[in-house]
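# pasting the sequence and the predicted coordinates here, then a few questions.
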Amino acid sequence: MSHYQEDELDVESPEERLEEISETVREISRHLIGSGIQYMAKVSGEMADDDMVRIRNNVQYRADALKIQLSLLLDIQSTHNDIAESVGPHAPYPSRQLSREQFSMFDNIVFHSCSLFDYVGYLAHFLCGLGNQAKKSWGSVAKALRDDENEIRDCIAGPVIRRLDRRWVSQLFDYRADLIHYNARLGGVMNTADLEKRERVLKAYAPSRFVSDMSGLRKKAGDQHVTLRFAAFWLTEKTLDSVLRVLKNLSEVIENNRQIPRHLQPIKFSPPDEESDADE
């Protein structure tokens, strides 16, 4: 095994990690359903608030889609290694073409992560703005929460959104903008052939620009080489965990913006008693 392979950051037990991600998506679903009921009971007073349901369902769709993109990348990597083994160590092998398929799937994970944050931003603006349906992206909401003159500046969910945006989400959006407008970011590729075992393995590594742009990942990696699989898991997990934190705070937003007196609530609902992430 080469030094390059020894000195790498990769995922152990990807199947277990993927199941943990699935559980996070299910927890997001539970919070979205609970927030929908809570909003209807305490703010709109309607048994079926179409606006809230529509926005909530869109957030759920994007969370599910993000997990699917990660699953597809893992499936593609498995298929590519099956192809590598089948051709043997001596036969011609399109490693460049196959690795580009993997990098394009990683780009999809970046795009879906940003899209999910935009939908959450829309939901946050809807709740902080008392039903204002102006379609605001994550970036515009984060900016509004930093503006002393904006009506949603004091929203309870503001501190956690501002903190997430400052620490890493803005970095992700900048990286996506570069992908869309200026540069295709491809990572390294290692095509290893074992002549004795007559085996071949294709391994892709994360784009160096992604690692350097994501300060949290850069710190975790240190001098190690980050596999594409590790970067994909890191991004998916960090996105879903961040979204879950925002949703927990939005539950407090609904309670704080109560419009329906308790004795007139059409639905009796109490959210789980959870610690708030709203502190700076």
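Nice, I can see it.

# what sits closest to Trp234 if chain neighbours are left out?
Distance criterion CB to CB, 6 or more residues apart in numbering; nearest residue to Trp234, sequence neighbours excluded, is Leu217 at 5.6 Å. C-betas here are computed from N, CA, C, even on glycine.

# ok now the helix or strand containing the one you found, how far from the chain's centre?
If you go by DSSP states H and E, Leu217 is part of helix 215-221. Distance of helix 215-221 from its chain centroid, counting by CA atoms, centre = their mean, to the nearest Å, is 17 Å.

# tell me the phi and psi of Val203?
If you look again at residue 203, you'll see it is Lys, not Val. phi -130, psi 130 (degrees, to the nearest 10).

# again, but for Val226
According to degrees, to the nearest 10, Val226 has phi -100, psi 120.

# quick one on the thing from earlier: correct me, but the residue nearest to Trp234 touches Thr227?
No - using CB atoms under 8 Å, Leu217 is not in contact with Thr227, being 11.9 Å away.

# tell me which element the residue nearest to the spatial centre of the chain falls in.
In the chain, the residue lying closest to the centroid (CA atoms, centre = their mean) is Thr239, at 2.8 Å. Element membership for Thr239 (DSSP H and E) is helix 228-256.

# in a strand, Asn191, correct?
Yes - if the criterion is DSSP: H, G, I helix; E, B strand; the rest coil, then Asn191 is within a strand.

# neighbours around it, how many?
15 (other CB atoms under 10 Å).

# hmm, it is touching Pro94, no?
No - applying CB under 8 Å as the test, Asn191 and Pro94 come out as separate, 10.2 Å apart.

# the residue nearest to the centre of the chain is in contact with Phe117, isn't it?
Yes - between Thr239 and Phe117 a contact is recorded at 7.1 Å, counting by CB under 8 Å.

# common neighbours of those two, please.
Residues within reach of Thr239 and of Phe117 at once, by CB atoms under 8 Å, 6 or more residues apart in numbering, are Leu172.

# list the buried ones in the helix of greatest length in the chain?
If you go by DSSP state H, the chain has its longest helix at helix 50-87. Residues 52, 55-56, 58-60, 62-63, 66-67, 69-70, 73-74, 76-77, 80-81, 84 are the ones in helix 50-87 that count as buried (16 or more other CB atoms under 10 Å).

# so which residues of the stretch 51-200 of the chain form strands?
189-194, 199-204 (DSSP state E, counting those that start in this stretch).

# comparing the ones you listed, which comes out most buried?
Here the criterion is mean neighbour count by mean count of other CB atoms under 10 Å, and of the strands of the stretch 51-200 of the chain the winner is strand 199-204, at a mean of 20.

# who does the helix or strand that that one is followed by touch, helix- and strand-wise?
Where DSSP H and E defines the elements, the next helix or strand beyond strand 199-204 is helix 208-213. When contacts are defined as 3 or more CB pairs under 8 Å, 6 or more residues apart in numbering; DSSP states H and E, helix 208-213 packs onto helix 170-181, helix 215-221.

# for the nearest residue to Asp165 once chain neighbours are set aside, give me its contacts.
Excluding the flanking residues, the one nearest Asp165 by CB to CB, 6+ apart is Ala142, at 4.0 Å. With contacts defined as CB under 8 Å, 6+ apart, Ala142 is in contact with 121, 161-162, 165, 169-170.

# would you format those as CSV with distance to Glu46 and neighbour count included?
As requested, the contacts of Ala142 are exported to CSV (distance: CB to CB, whole Å; neighbours: other CB atoms under 10 Å):
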residue, distance to Glu46, neighbour count
Gly121, 24, 24
Ile161, 27, 28
Arg162, 31, 16
Asp165, 32, 23
Val169, 32, 23
Ser170, 36, 14
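
# many thanks, have a good one.
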